[in-house]
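Colleague: Pasting the sequence and the predicted model now:
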Amino acid sequence: MLKLINLYKTFNPGTPDEVRALSGVSLSIAAGSFTVILGTNGSGKSTLLNAVAGTFTLDSGVIELDGRDITGMPEYKRAAYIGRVFQNPFSGTAPNMTIAENLSVASMRGKTRGFSPALSSAAAAGFYERVKSLNMGLEDRLDNNIGSLSGGQRQALTLLMACLNKPRLLLLDEHTAALDPKTGAKVLELTRSVIEKDNLTTFMVTHSMQQAVNLGDRIIMVYKGKLIHDFSGADKKALKPRDLYELFEEIKRRELIDPGVCDILKANYV
Ligand SMILES: Nc1ncnc2c1ncn2[C@@H]1O[C@H](COP(=O)(O)OP(=O)(O)OP(=O)(O)O)[C@@H](O)[C@H]1O
Ligand SMILES: [Mg+2]
């Protein structure tokens, strides 16, 4: 289980560029649950995921993963427990290394033994089957550099690498947004199947209302660094894309009336 307790983060404090990106976020995520995060541009969704991954130091707050306080744990150590896929297909893999080498590095993540670039044939065989399961014909190209692949192929491999060691937490930040619709749908289907197969605890950011209603068992909405809505159980199941659009429209309407709207919205949050 993931527990976020009163997270605060202000970027560029005391300067004209000051941004309160997280403003008292508290959240408990059950093990094996799949939470979709929605919010307008700049509302703090990526910052929330980055806080969990340890990309920056929080101003205050506590992050616990499976009962362990990881607030002060550096990003590279958290990577042993946390898999990530970003929006940009060029992030997350090393372009000048082959598919097999990238998978090898991913499989070493979190292991205490030193990094060994040598690939055992057993590992290679395991990689062959895993890459084959993507149904992209990449299993015969394990010796090709990742840089030679398309964005969709890279994103599918990044997902595979992120899930290779069954992470305790999978963070997906608009990971299909940069792909064409057909490839995006394919990567999303792969995402759904790998999450189901390993019952991964997942945190996924999207701007797609359709994805939000189709996937997962919980939807949270972020606005100006605060949680303003939280739907789970029957409430989540009953949501239609239209209901979510209306919540966004409500934000826009209230912003027009009062630019300091966040406190009003916060009052709606239960
Ligand atoms: N490293 C940083 N330095 C300065 N400001 C930052 C940094 N990271 C995020 N911000 C600011 O914090 C706010 C929240 O950004 P964040 O990237 O979390 O938004 P988001 O909800 O993911 O938006 P989008 O939907 O556009 O991806 C924004 O105003 C952004 O400019
Ligand atoms: Mg973002």
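Modeller: It's in. Numbers count the residues shown, from 1 in each chain. Ligands and ions are numbered 1, 2, ... in the order given.
Colleague: So which residues of the stretch 51-200 of the chain form strands?
Modeller: Counting by DSSP state E, counting those that start in this stretch, the segments of the stretch 51-200 of the chain that form strands are 60-65, 68-69, 82-85, 169-173.
Colleague: Serialize these to TSV and add fields for distance to ligand 1, mean pLDDT and mean neighbour count.
Modeller: Heads up, the C-betas are built off the backbone N, CA and C, glycines and all. Formatted as TSV, the strands of the stretch 51-200 of the chain follow (distance: least, CB to the nearest ligand atom, whole Å; pLDDT from 0 to 100; neighbours: other CB atoms under 10 Å):
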stretch	distance to ligand 1	mean pLDDT	mean neighbour count
strand 60-65	15	97	17
strand 68-69	23	96	11
strand 82-85	14	95	26
strand 169-173	7	97	24
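Colleague: In TSV, list those along with distance to Asn135.
Modeller: Formatted as TSV, the strands of the stretch 51-200 of the chain follow (distance: least, CB to CB, whole Å):
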stretch	distance to Asn135
strand 60-65	32
strand 68-69	37
strand 82-85	18
strand 169-173	20
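Colleague: Nearest to Gly147, out of those?
Modeller: Closest approach to Gly147 among the strands of the stretch 51-200 of the chain (CB to CB): strand 82-85, 17.7 Å.
Colleague: And the closest one, what does it pack against?
Modeller: Helices and strands touching strand 82-85, as assessed by 3 or more CB pairs under 8 Å, 6 or more residues apart in numbering; DSSP states H and E, comprise helix 45-53, helix 151-163, strand 169-173.
Colleague: hey, least reliable of the ones you listed by pLDDT?
Modeller: Looking at the helices and strands packed on strand 82-85, the lowest mean pLDDT belongs to helix 151-163 (a mean of 93).
Colleague: That one vs strand 169-173, what angle?
Modeller: Here the directions of helix 151-163 and strand 169-173 differ by 160 degrees (axes from the mean of the first three to the mean of the last three CA atoms, to 10 degrees).
Colleague: neighbours around the closest residue to Leu179 other than its chain neighbours, how many?
Modeller: With CB to CB, 6 or more residues apart in numbering as the criterion, Leu179 has its nearest non-adjacent residue at 5.1 Å, and that residue is Gly152. Gly152 is flanked by 19 other residues according to other CB atoms under 10 Å.
Colleague: can you tell me which residues contact Gly152?
Modeller: For Gly152, the contact set (CB atoms under 8 Å, 6 or more residues apart in numbering) comprises 89, 136, 179-180, 183-184, 186-187.
Colleague: Find the nearest non-adjacent residue to Phe127, please.
Modeller: Phe127 sits nearest to Leu103 (CB to CB, 6+ apart), 4.7 Å away.
Colleague: wouldn't that neighbour be in contact with Ala162 here?
Modeller: No: checked against CB atoms under 8 Å, the pair Leu103 and Ala162 is beyond contact range at 11.3 Å.
Colleague: Nearest spatial neighbour of Lys166, chain-adjacent residues omitted?
Modeller: Leaving out its chain neighbours, the residue that sits closest to Lys166 by CB to CB, 6+ apart is Asp198, at 5.1 Å.
Colleague: Which among the contacts of Gly152 count as buried?
Modeller: Using 16 or more other CB atoms under 10 Å as the burial test, the contacts of Gly152 include 89, 136, 179, 183-184, 186-187 as buried.
Colleague: What about those residues, which are in helices?
Modeller: Here DSSP state H is the test, and the buried ones among the contacts of Gly152 give 183-184, 186-187 as lying in helices.
Colleague: All good on my end, thank you.
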